[in-house]
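Trainee: Got a predicted model here, sequence first, then my questions.
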Amino acid sequence: MNDTELFWKASFVPRIKDYPFNRTAKIAFMFLTRGPLPMAPLWERFFKGHEGLYSIYIHSLPTYQPDFLHSSVFYGRQIPSQLSIGRLLIYPDIELYYMLHPMYAQGKDYIHIDRAINWIRENSETRTSKSNHIVERLLKNKTLTFTTEWGRMSMCDAERRLLANALLDISNEWFVLASEACIPLQNFDVIYRYLSRSWYSFIGSFDEDGPFGRGRYNANMAPEVNLTEWRKGSQWFEVDRKLAIDIVEDHIFYPKFEKFCRPACYVDEHYFPTMLSIQSPHLLANRSLTWVDWSRGVSAKDRILNFCHASTLILLTVARHSL
């Protein structure tokens, strides 16, 4: 199932609050990773004894093959990722770049690998041996294929893919995005109670002046997004079912952000915060439940290169907001 089919299917899942059958609401923990989960033993302990109250979904690079034990809560929880071809990654291969240049000229930094293969086969001069040779080289060259890159739309694609897969389970009511470096700072009962009693979804969405806020706005975003509506927030979020569906089924804001929010505009910091603050501002807490230690690097470059080493922690502010 490709992304278009997945998002279409997920957009039709129920939004209702009352079901004609017994339904135990669950938290969907969505892990966005590059490879292994070094904190898995801690999470195993966190989930133990709470079966039926959570779901787990893992999105990693397609080249990573997990080796969890059958007894692990993470076993079999990896969702299919979508291989894409990056324009900058493919540039050294002149023949491939020449073949795919018309597709990149449409304003995309990444092309789904199935679309690329079809394009090569349909537009190759010979359409036979040469195109097959190019496709074979493309599939074998792992350095050219990527699924997510921090700061680009491919990252948001992966997050939407996680949400869409989680939405297919109608018992999932809350959706928490985490990384391989995340650890929980409270036990499961506290987190479940905190989320289930809140009226809001937790996603940072604030108006920031200066080059790293409004300075990233592109006037071509209008009329869908005006400068006064431009928002910034952390990549890490917790949203309820309604907002999760809104994110997955969006086709209004996505094209604008894909085309006009590129580094040094980091789309994972602006797309969801801006869209949701326009559509459902009354449902947002305007803060995240995730605390990030940027002491190891605060620049965009450091953020991308050192992501796996960042101390990213789920921080439920129970001390400041008693339950």
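Mentor: All right, it came through fine.

Trainee: Tell me how many other residues crowd the closest residue in space to residue 246 that isn't next to it in sequence.
Mentor: Once flanking residues are discounted, residue 246 sits nearest to residue 279: 6.2 Å by Cβ to Cβ, 6 or more residues apart in numbering. Any C-beta I mention is one placed from the backbone N, CA and C, and that applies to glycine too. Look at residue 279: counted by other Cβ atoms under 10 Å, it has 15 neighbours.

Trainee: who are the neighbours in contact with the residue nearest to residue 11 when sequence neighbours are not counted?
Mentor: Closest residue to residue 11 apart from its sequence neighbours, by Cβ to Cβ, 6+ apart: residue 249 at 3.7 Å. Applying Cβ atoms under 8 Å, 6 or more residues apart in numbering, one finds that residue 249 lies in contact with 7, 10, 11.

Trainee: Run a quick check on residue 221 versus residue 265, I expect a contact.
Mentor: No - between residue 221 and residue 265 there is no contact under Cβ atoms under 8 Å: 9.9 Å.

Trainee: what about those two, which has more around it?
Mentor: residue 221 (21 against 17).

Trainee: How is the closest residue to that one other than its chain neighbours assigned, secondary-structure-wise?
Mentor: The shortest distance from residue 221 to any residue other than its chain neighbours is 5.0 Å, reached at residue 256 (Cβ to Cβ, 6+ apart). What DSSP: H, G, I helix; E, B strand; the rest coil gives for residue 256 is helix.

Trainee: and residue 256, how many neighbours does it have?
Mentor: The burial count for residue 256: 19, using other Cβ under 10 Å.

Trainee: Pretty sure it sits against residue 224.
Mentor: Yes - with contact defined as Cβ under 8 Å, residue 256 counts as touching residue 224 (5.2 Å).

Trainee: what residues are up against residue 288?
Mentor: Applying Cβ under 8 Å, 6+ apart to residue 288 gives the contacts 202, 203, 204, 233, 234, 236, 237, 238.

Trainee: what does residue 227 give?
Mentor: Neighbour list for residue 227: 214, 217, 219 [criterion: Cβ under 8 Å, 6+ apart].

Trainee: any weak-confidence spans in the stretch 151-300 of the chain?
Mentor: Within the stretch 151-300 of the chain, the ranges that satisfy pLDDT under 70 run 151, 293-300.

Trainee: That's all I had, so thanks and see you.
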